[in-house]
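Participant: Mind looking at a prediction? Sequence and model below.
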Amino acid sequence: MTLQIGLIGTGWFGKMHAEKLARMDGVNVAAFAATTQEKADEAARGYRDAKGFASVADMLDSRKLDAVYICVPPFAHGEIENALIDRGIPFLVEKPIGVDAGQPKAILDGIREKSLITSVGYHFRYMDSTAKAKELLQERTLGMALGYWMGGMPGVYWWRSMQGSGGQFVEQTTHIVDLLRYTAGEVKEVYAAYGDRIVAGLNEGVTVPDVGTVTMKLASGAIATISNTCAIPAGDHSGLNLYTDAGVLEIGNGKLTDKTAGIVTEYQNRSNPYDAENEAFLHAVRTGDASRIRSTYEDAWLTHRVTMAANQSASTGLPVIIE
């Protein structure tokens with residue numbers, strides 16, 4: 001059975017997924033939908049059987065698709081997912097799943113009603129280093145975690161607006177929040193402090209904070225802090241450090257570093273997490289077995305709730321309890 005796949009969005013993620021899908025056995029890249037016909041046609045030109053469409057509705061009406069990849073900016077979610085839910089078409093959607101709490105929750109309700117197969121692009125879950133960290137944590141007690149996403153501000157217009165991206169903690173650092181949840185367990189309380197230190201004074205139309213720190217209490221009793229900045233011109237890095245009774249597990253830079261008393265062990269990522277993510281999702285589409293998918297929409301909603309709580313806390317100055 002050859003799966004017919006459509007892609008919505010022709011930016012970096014859309015093109016990356018299309019290239020990887022085209023190399024998989026039993027997969028045909030059949031359609032692209034974009035904001036203009038020109039963009040859609042350009043993306044489709046590199047694939048023999050693909051066709052471009054200027055609207056999602058036209059694509060779904062014209063092609064019989066087995067699954068769809070949604071690779072659009074955070075503000076563009078909603079109508080796309082609802083159209084796929086209405087037609088019962090499984091989808092993989094890139095993170096984050098929205099810029100507010102209401103719309104993703106409504107989408108989740110529709111997914112539950114249809115029992116629809118979904119996957120969300122938290123590809124850090126598919127890294128070899130993440131799997132090894134989870135294995136080692138089974139025998140250790142976690143005390144605290146420190147996460148970070150440090151870098152510069154992306155150049156795309158929508159990223160600089162809270163209405164467009166939700167801010168750095170929602171658009172980028174959500175990966176670290178999700179990695180924390182996946183390895184250390186659920187977050188129950190959030191307190192956040194954001195600031196505008198550098199970027200707003202250098203660029204017009206910037207409404208996202210450029211520094212932030214979020215402190216969290218976990219269900220296990222452990223505590224975590226995740227900090228981010230989008231204001232530095234050099235020295236960018238991201239990752240998660242897990243402090244346990246045996247030492248420190250550092251997930252980042254393509255590997256896991258395990259530091260115990262007098263011993264440092266490194267576990268390199270050997271496989272490509274995007275490939276593993278695609279294989280898990282398409283296996284579920286073919287067979288109905290979704291057990292290999294490590295981040296369903298329902299699970300991603302729990303990560304999204306944490307990032308929404310952080311934004312709320314930073315706005316009000318008060319801690320937020322996550323029920």
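Facilitator: Structure's in. What do you need? Residues are numbered from 1 along each chain as shown.

Participant: what residue is smack in the middle of the chain?
Facilitator: Centroid-nearest residue in the chain, with Cα atoms, centre = their mean: residue 95, separated by 3.3 Å.

Participant: quick check: mean pLDDT across stretch 148-160?
Facilitator: Within the predicted structure, the mean pLDDT of stretch 148-160 is 95.

Participant: and what of stretch 37-49?
Facilitator: Predicted confidence along stretch 37-49 averages 96 (mean pLDDT).

Participant: buried stuff in that stretch?
Facilitator: The neighbour-count criterion (16 or more other Cβ atoms under 10 Å) identifies 39, 40, 41, 43, 44, 47 as the buried residues of stretch 37-49. Where you see a C-beta, it was placed from the backbone N, CA and C, and this is true even at glycine.

Participant: Restricted to helices, list those.
Facilitator: Of the positions in the buried residues of stretch 37-49, 39, 40, 41, 43, 44 sit in helices, assigned by DSSP state H.

Participant: The residue nearest to the centre of the chain should be in a strand, yeah?
Facilitator: No: the assignment for residue 95 is coil, going by DSSP: H, G, I helix; E, B strand; the rest coil, so no strand is present there.

Participant: Could you check how far it is from residue 176?
Facilitator: With the distance defined as Cβ to Cβ, to the nearest Å, residue 95 ends up 12 Å from residue 176.

Participant: Next: residue 56.
Facilitator: The gap separating residue 56 from residue 176 is 31 Å, by Cβ to Cβ.

Participant: Count residues in the vicinity of the closest residue to residue 297 other than its chain neighbours, would you?
Facilitator: Computed as Cβ to Cβ, 6 or more residues apart in numbering, the closest residue to residue 297 that is not its neighbour in sequence is residue 118, at 4.0 Å. Residues within reach of residue 118, counting by other Cβ atoms under 10 Å, total 28.

Participant: hang on, isn't residue 118 packed against residue 90?
Facilitator: Yes: using Cβ atoms under 8 Å, residue 118 makes contact with residue 90 at a distance of 6.6 Å.

Participant: buried stuff in stretch 188-201?
Facilitator: Along stretch 188-201, these residues count as buried under the neighbour rule (16+ other Cβ under 10 Å): 189, 190, 191, 192, 194, 198, 199, 200.

Participant: Report all helices and strands that the helix or strand where residue 59 lies contacts.
Facilitator: Using DSSP states H and E, residue 59 sits within helix 56-62. Counting contacts by 3 or more Cβ pairs under 8 Å, 6 or more residues apart in numbering; DSSP states H and E, helix 56-62 packs against strand 3-8, strand 27-33, strand 51-53, helix 79-87.

Participant: After that helix, which helix or strand is next?
Facilitator: strand 67-70.

Participant: can I have that next one written out in PDB, keeping just the CAs?
Facilitator: Output of strand 67-70 as PDB, limited to C-alpha atoms (Å, rounded to 0.1, in the frame of the first residue of the first chain):
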ATOM      1  CA  ALA A  67      -2.500  11.600   5.900                       C
ATOM      2  CA  VAL A  68      -1.500  15.300   6.000                       C
ATOM      3  CA  TYR A  69       1.500  17.100   7.500                       C
ATOM      4  CA  ILE A  70       0.700  20.600   8.900                       C
END
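
Participant: That strand - contacts with which helices or strands?
Facilitator: On a contact count with 3+ Cβ pairs under 8 Å, 6+ apart, strand 67-70 meets strand 3-8, helix 12-22, helix 79-87, strand 91-93, helix 273-287.

Participant: and for that strand, what are the contacting residues?
Facilitator: Strand 67-70 is contacted by residues 3, 5-9, 14, 17, 21, 77, 80-81, 84, 89-94, 117, 281-282, 285 when judged by Cβ atoms under 8 Å, 6 or more residues apart in numbering.

Participant: Mark which of these are buried, thanks.
Facilitator: Buried by 16+ other Cβ under 10 Å: 3, 5-9, 14, 17, 21, 77, 80-81, 84, 89-94, 117, 281-282, 285, out of the contacts of strand 67-70.

Participant: about what we covered before: just the C-alpha atoms of the helix holding residue 59, please, in CSV.
Facilitator: Output in CSV follows, covering the C-alpha atoms of helix 56-62 (Å, rounded to 0.1, in the frame of the first residue of the first chain):
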residue,chain,number,x,y,z
VAL,A,56,-6.5,23.5,1.9
ALA,A,57,-10.1,22.8,0.8
ASP,A,58,-9.1,22.5,-2.8
MET,A,59,-6.3,20.1,-2.0
LEU,A,60,-8.6,17.9,0.1
ASP,A,61,-11.3,18.0,-2.6
SER,A,62,-8.9,17.1,-5.4
